[in-house]
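Asks: Got a predicted structure here, sequence first:
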Amino acid sequence: MAEVTTIGLDLAKRVFQVHGVDAAGVVMVRRALRRQQVLAFFAKLPRCLVGIEACATAHYWARELASLGHDVRLIPPPYAKAYVRRNKNDPADAAAICEAVSRPSMRFVAVKTEAQQAAAGIHKVRELLIKQRTMLINTLRGLMAEFGIIVAEGPRHVSELVAILADPADARIPAPSHHGLMAIVETLRGLEQRIERVEKQIVGWGRANATCRHLITIPGYGPILSSAMTAMVVNPAGFTSARHFAASLGLVPRQDGTGGKAKLGPISKRGNGYLRRLLVNGAMSVLGSRRAKDDAWLVKLLQRKERKVVACALANKLARTGWALMMRQQDYRRPRQDQLCPDLA
């Protein structure tokens, strides 16, 4: 047991699988552990390299094992999947993780501290509440459309539906359905209040964070995007360049080709979808502002490409700018006057 140098740990709810090898790659341990046995097992081992898939509870176990003196590294699940041989099961997954963590070219996920994980968790709560709000709005619009009541899409038009339901003189909705729709409206109001409280907590956390204050100076970065970037990108130095960071968020064209001929498709949509959506929303806000008319690059791009394609390109640029500011820890500096479009400057 003392000769074990590398371990692959496959996480689960109750039964964890361990696969350990020595310096020569010879299998020394292959066993299953109950949840309450994990820490006691690793406490008896000398310091070794432990690989874990970056999945649910991975950051917690990484912190716990690191406190025992082990070198813990989190692997993106798609990267570990390539090392699975034949059938997929817990022992095979643990063996694949053990092999993947020892590869010199492997990329790893930075382990979050409790504070960083709490900051990222509040964004997950906000995302869930917004999804629930969208579900309720769509249900309300769909059910009222069955009675010929149609309004434009978007949360800002829900008030028109609520006004119709609240009007006692409007009898277009029969009584049984009317009571159910009013229940949806009451639930929707409660969700709006919860979302508002959560967003206030996010803004308050961002104001106390130096990195978030730097990011919010970038055009297109609001308090939600700035705090999300700060909370979820815990180690920007783990990316070789800003281009690699933007690619990790899926904001680059997907490549498909062979024989030296590469075909570029739509954006790959890999990585953190929450950050990618916020960046694209921020880019759309910039395109709708006066700043877009003063940017020579955007002016030329809008003349050749569709608006949403330009938004994805601008989101890529916003991601690269955010990475640079996180690395340098400084505020955003506006481009020089000679970089602006000469016709509009």
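Replies: Yep, that arrived. None of the values given here were measured: they were computed from a predicted structure.
Asks: Identify the residue nearest the geometric centre of this structure.
Replies: Asn272 (3.0 Å; CA atoms, centre = their mean).
Asks: Now do the same contact list for Thr187.
Replies: Leu136 (CB atoms under 8 Å, 6 or more residues apart in numbering). Where you see a C-beta, it was placed from the backbone N, CA and C, and this is true even at glycine.
Asks: whoops, I mixed them up, Met229
Replies: Cys212, Leu215, Tyr221, Leu275, Gly322, Met326.
Asks: ok, now with 7 Å
Replies: Leu215, Leu275, Gly322 (CB atoms under 7 Å, 6 or more residues apart in numbering).
Asks: what do you get for Asn316?
Replies: Contacts of Asn316 by CB under 7 Å, 6+ apart are Ala246, Leu251, Val252.
Asks: In PyMOL, how would I select just the buried ones from the contacts of Met229?
Replies: Here is the PyMOL command that selects the buried residues among the contacts of Met229 (16 or more other CB atoms under 10 Å):
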select buried, resi 215+275+322
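Asks: Next step: the contacts of Met229 restricted to helices.
Replies: Leu215, Leu275, Gly322 (DSSP state H).
Asks: give me phi/psi at the residue nearest to the centre of the chain?
Replies: The phi/psi pair for Asn272 (degrees, to the nearest 10) reads phi -80, psi 110.
Asks: same deal with Arg34?
Replies: phi -70, psi 160.
Asks: measure it to Ala23 for me?
Replies: 29 Å (CB to CB, to the nearest Å).
Asks: Likewise for Lys124?
Replies: 40 Å.
Asks: can you list the domains in this protein?
Replies: 6-101, 114-208, 211-339 (automatic domain parsing).
Asks: For Phe108, which of the ones you listed is the nearest?
Replies: Proximity to Phe108 (CB to CB) singles out domain 6-101 among the domains of the chain, at 4.7 Å.
Asks: average pLDDT for that closest one?
Replies: When pLDDT is averaged along domain 6-101, the result is 93.
Asks: any chance you could map the helices in the stretch 101-250 of the chain?
Replies: 114-145, 158-166, 175-207, 210-215, 223-232, 242-248 (DSSP state H, counting those that start in this stretch).
Asks: Dump the ones you listed into JSON lines; add mean pLDDT as well.
Replies: Putting the helices of the stretch 101-250 of the chain into JSON lines (pLDDT from 0 to 100) gives the following:
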{"stretch": "helix 114-145", "mean pLDDT": "94"}
{"stretch": "helix 158-166", "mean pLDDT": "91"}
{"stretch": "helix 175-207", "mean pLDDT": "93"}
{"stretch": "helix 210-215", "mean pLDDT": "95"}
{"stretch": "helix 223-232", "mean pLDDT": "94"}
{"stretch": "helix 242-248", "mean pLDDT": "94"}
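Asks: and Ser12, how many residues sit next to it?
Replies: In this structure residue 12 is Ala, not Ser. 16 (other CB atoms under 10 Å).
Asks: Could you check how many residues crowd around the closest residue to it other than its chain neighbours?
Replies: Leaving aside its sequence neighbours, Ala12 sits nearest to Asp90 (CB to CB, 6 or more residues apart in numbering; 7.1 Å). Using other CB under 10 Å, Asp90 has 16 neighbouring residues.
Asks: separation between Asp90 and Leu11?
Replies: Counting by CB to CB, the gap from Asp90 to Leu11 is 10 Å.
Asks: And Gly180, by the same measure?
Replies: Distance, Gly180 to Leu11, using CB to CB: 42 Å.
Asks: for Gly273, same thing?
Replies: The value you get for Gly273 to Leu11, if CB to CB is used, is 22 Å.
Asks: more neighbours, these two?
Replies: Applying other CB under 10 Å to Gly273 and Leu11 shows that Leu11 carries more neighbours, namely 21 against 12.
Asks: show me the contacts for the more buried one.
Replies: Contacts of Leu11 (CB under 7 Å, 6+ apart): Ile52, Glu53, Cys55, Thr57, Ala58, Trp61.
Asks: I'd say the third one and Pro77 touch.
Replies: Read that as Cys55. Yes: if you go by CB atoms under 7 Å, Cys55 and Pro77 touch, sitting 6.1 Å apart.
Asks: what is the mean pLDDT for stretch 328-339?
Replies: Rounded mean pLDDT across stretch 328-339 is 76.
Asks: follow-up on the earlier one: Throw the domains of the chain into CSV and include distance to Arg107, thanks.
Replies: Below are those laid out as CSV (distance: least, CB to CB, whole Å):
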stretch, distance to Arg107
domain 6-101, 7
domain 114-208, 19
domain 211-339, 8
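Asks: Kind regards, and thank you for your time.
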